[in-house]
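J.: just coords:
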């Protein structure tokens, strides 16, 4: 990995994965398990693709870039600066195998 990529990772995020445990009525409990911490680059995204006429979401969206890591997906939540970011998409580009990009939505 180049030093240029490592220098852009200036934010610390906590990685958590949602547990699949259920209550007595088979409803999701919503507990998360701590998976570790990582250095990341966090930048805001537009609320929707305005060129296609998508509906605007009221929830802030973020693009999180971090070192490639297995096990991150739609059941993953990041904690950053006291905010919870739910992962809505993960992209690993073959041209940059050492990094991945997550599209996250702030959870209120």
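T.: Okay, I see it. Every value quoted in this text rests on a predicted model; they were computed, and no experiment measured them.

J.: need the contact partners of the helix or strand of the chain with the lowest mean pLDDT.
T.: Lowest by mean pLDDT, DSSP states H and E among the helices and strands of the chain is helix 3-8, with a mean of 72. Contact with helix 3-8 is made by 41, 65, 96, 98, 99, as judged by Cβ atoms under 8 Å, 6 or more residues apart in numbering. No exception for glycine: its C-beta is placed from N, CA and C like everyone else's.

J.: which ones are touching the last one?
T.: Shown in contact with residue 99 (Cβ under 8 Å, 6+ apart): 1, 5, 65, 66, 67, 68, 92, 93.

J.: where does pLDDT dip in this protein?
T.: 1-3, 28, 47-57 (pLDDT under 70).

J.: centre of the chain to stretch 98-108, how far?
T.: Relative to the centre of its chain, stretch 98-108 is centred 3 Å away, using Cα atoms, centre = their mean, to the nearest Å.

J.: buried ones in that stretch?
T.: 99, 100, 102, 103, 104, 105 (16 or more other Cβ atoms under 10 Å).

J.: bridge partners for residue 14, pull those for me.
T.: Note on residue 14: beta-bridge partners residue 37, residue 79, judged by DSSP bridges.

J.: ok, residues contacting the host helix or strand of residue 44?
T.: According to DSSP states H and E, residue 44 maps onto strand 32-45. For strand 32-45, contacts defined as Cβ under 8 Å, 6+ apart pick out 8-19, 60-67, 69, 71, 76-78, 80, 103.

J.: same thing but 7 Å
T.: With contact meaning Cβ atoms under 7 Å, 6 or more residues apart in numbering, strand 32-45 is reached by 8-19, 60-67, 69, 77, 80, 103.

J.: so of those, which ones are in strands?
T.: Among these, the members found in strands (DSSP state E) are 11-18, 61-67, 77, 80, 103.

J.: ok, residue 14 - contacts?
T.: So residue 14 contacts 37, 78, 79 (Cβ under 7 Å, 6+ apart).

J.: which residue, neighbours along the chain excluded, lies closest to the most centrally placed residue in the chain?
T.: Closest residue to the average C-alpha location of the chain: residue 87 at 3.9 Å, with Cα atoms, centre = their mean. Among residues not flanking residue 87 along the chain, residue 76 sits closest, at 4.5 Å (Cβ to Cβ, 6 or more residues apart in numbering).
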